[in-house]
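K.L.:
A predicted structure for the sequence below; I have some questions about it.
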Amino acid sequence: MTSVRIDLAPEVSDALLARRPVVALESTLIAHGLPWPLNHETVAEAEAVVREEGAVPATIAVWEGTPTVGLSASQQEILARGGNVVLKASCRDLAFAITRSLTAATTVAATMHLAHRVGIRVFATGGIGGVHRGAVETGDVSADLPELARTPVAVVCAGAKSILDLPRTLELLETLGVPVVGYGTSEFPAFYLCGSGEPVHARVDTPEEAADLLSAHWELGGAGTVLAQPVATDVALDPEEWEAALREAERRAARAGVRGKDVTPFLLARLAEVTGGRTSRANRALIVANARLAARLAKALCEREKN
Ligand code: PSU
Ligand code: MN
């Protein structure tokens, strides 16, 4: 019989036991979201800013069949170099990766799930998955959305990836009862773009306000929450340049016949090519900024509990 063991880095388990702030980070963006060596630099920088803010980073993946919370720097480097040969694991893939002793990068859904299992409440990423453009025909909706509906973790992000159908993604989040909270904005951010033109339904302007809202939501039995802050304006893409790049990337995806879970990584890689690396630069900046905000939120949640 197999029993599932989750490996926690000592630093992470110490912090959790002492109720000190911990921030989960995901690994799909390392293995499948960004190119080498930018992916490696990005996760190192994200971890560094979490520490700078006084919290403990916990990058999550499945390592040779063991769900691991708090990857070492050398494990992160292997994932970053391994690229597309590493399995991309959403929740349904976890048991398979575990029983086959595979190394797998975890998506937002799988990272939230494992974070919650060990008691981490705050998680930083780039952008959540959602309803894909053309989903009416393809049915392609990310497993991140139902996971947000059931798992009480705050996901700090720059909105949903701008390759998605954002109005439909927001509709579905509403249906699923997931709060979509703007941080310092009333507009839902669109990942590479500062805004989507769509409103959020709640806004907070400080980590303390975010912590208050989350505590109340969880006290009421609520689950996942999206806390979205816009990408910095100096690296954001211009909306027209963005539209043209996305159309080109989508044409290439259609020509290559890409489907299922390969769609997101394929589009992200083509977009980086088409924009001469501008999307990757924005992606790095927003992940690091989200890690910082997540650390501040984790701290504010811990402070609340002391009072
Ligand atoms: N955000 C990024 N880069 C990424 C992703 C998000 O900045 O690579 C990943 C996340 O792990 C997210 C996944 O959960 O893409 C969604 O994939 P899909 O659309 O196949 O559910
Ligand atoms: Mn999908």
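P.N.:
Cool, got the structure. Ligands and ions are numbered 1, 2, ... in the order given.
K.L.:
contacting residues around the spatially most central residue of the chain?
P.N.:
Nearest to the mean C-alpha position of the chain, by CA atoms, centre = their mean, lies residue 125 at 2.9 Å. By CB atoms under 8 Å, 6 or more residues apart in numbering, the residues touching residue 125 are 25, 26, 29, 108, 111, 155, 156, 157, 287, 290. Heads up, the C-betas are built off the backbone N, CA and C, glycines and all.
K.L.:
next, count neighbours for the nearest residue to the first one once chain neighbours are set aside.
P.N.:
With CB to CB, 6 or more residues apart in numbering as the criterion, residue 25 has its nearest non-adjacent residue at 4.4 Å, and that residue is residue 59. Other residues within reach of residue 59 by the criterion other CB atoms under 10 Å amount to 28.
K.L.:
next one: residue 137
P.N.:
Using other CB under 10 Å, residue 137 is surrounded by 7 other residues.
K.L.:
quick one: contacts for the residue nearest to residue 25?
P.N.:
By CB under 8 Å, 6+ apart, the contact list for residue 59 reads 24, 25, 26, 27, 30, 43, 47, 70, 71, 76.
K.L.:
same check, this time on residue 115
P.N.:
Shown in contact with residue 115 (CB under 8 Å, 6+ apart): 24, 58, 60, 69, 121, 123, 153.
K.L.:
recalculate using a threshold of 6 Å.
P.N.:
Going by CB atoms under 6 Å, 6 or more residues apart in numbering, residue 115 touches 24, 123, 153.
K.L.:
over to residue 210?
P.N.:
Here residue 210 is in contact with 204, 227, 297 (CB under 6 Å, 6+ apart).
K.L.:
mind checking which of those residues land in helices?
P.N.:
Among the contacts of residue 210, the members falling in helices (DSSP state H) are residue 297.
K.L.:
nearest spatial neighbour of residue 130, skipping sequence neighbours?
P.N.:
Nearest residue to residue 130 in three dimensions, chain neighbours excluded: residue 169, at 3.2 Å (CB to CB, 6+ apart).
K.L.:
how about whichever strand or helix holds that neighbour as PDB, C-alpha atoms only?
P.N.:
In the assignment (DSSP states H and E), residue 169 maps to helix 166-175. C-alpha atoms of helix 166-175 as PDB (Å, rounded to 0.1, in the frame of the first residue of the first chain):
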ATOM      1  CA  LEU A 166     -11.500  37.400 -19.100                       C
ATOM      2  CA  PRO A 167     -15.200  38.300 -18.900                       C
ATOM      3  CA  ARG A 168     -16.100  34.600 -19.000                       C
ATOM      4  CA  THR A 169     -13.400  33.800 -16.400                       C
ATOM      5  CA  LEU A 170     -14.800  36.400 -14.100                       C
ATOM      6  CA  GLU A 171     -18.400  35.200 -14.600                       C
ATOM      7  CA  LEU A 172     -17.300  31.700 -13.700                       C
ATOM      8  CA  LEU A 173     -15.400  32.900 -10.600                       C
ATOM      9  CA  GLU A 174     -18.700  34.600  -9.500                       C
ATOM     10  CA  THR A 175     -20.700  31.500 -10.100                       C
END
